[in-house]
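Asker: Kindly return the folded structure for what I paste below:
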Amino acid sequence: MSKALETWPLDAIEEALGPDADTILPHALRTAELRVRLPRHHIAMLHHKADQQHTTVSHALARELDAIASAEAPELSAAIPGFATALTWPDAEHTQLPC
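Answerer: Take a look at the predicted model:
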């Protein structure tokens, strides 16, 4: 699953999983639509990043947000239910806890 997340946008994976997405993906990792208003240069930047990465604007933005999430993980994990699970999934499922 880690390799799939590197290769395809999460919304494409979620769509391919169909109804099984509910049982496979943590709730906090499921996608939702968000409408925002941004300055045009930010929109152009996102399109440029997506073109460079050969992906969608949503995926390019998600990658940038993942960098912020990693940098601020302790604070965000404490403040947002399910955040830590979503951030570490699927690797957390295979991490063995120390005895």
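
Asker: can you map out the helices along this protein?
Answerer: Applying DSSP state H to the chain gives helices spanning 2-7, 10-17, 21-24, 40-53, 57-71, 73-79, 83-88, 91-94.

Asker: Let me see the residues that make contact with the first one.
Answerer: Residues from elsewhere that reach helix 2-7, judged by C-beta atoms under 8 Å, 6 or more residues apart in numbering: 13, 90-91. Just so you know, the C-beta spots here come from the backbone N, C-alpha and C atoms, and that holds for glycine as well.

Asker: thinking again about what came up before, quick check: which of the helices of the chain has the most neighbours on average?
Answerer: Sort the helices of the chain by mean neighbour count, taking mean count of other C-beta atoms under 10 Å, and helix 83-88 sits at the top with a mean of 17.

Asker: helices or strands next to that one in the packing?
Answerer: If contacts are counted by 3 or more C-beta pairs under 8 Å, 6 or more residues apart in numbering; DSSP states H and E, helix 83-88 sits against helix 57-71, helix 73-79.

Asker: about what we covered before: okay, the contacts of helix 2-7 in TSV with distance to residue 32 next?
Answerer: Below are the contacts of helix 2-7 laid out as TSV (distance: C-beta to C-beta, whole Å):
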residue	distance to residue 32
13	15
90	20
91	23
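
Asker: Closest to residue 55 out of those residues?
Answerer: residue 13 (12.7 Å; C-beta to C-beta).

Asker: Excluding chain neighbours, what is closest to that closest one?
Answerer: Spatial nearest neighbour of residue 13, chain neighbours left out: residue 4 (5.7 Å); criterion: C-beta to C-beta, 6 or more residues apart in numbering.
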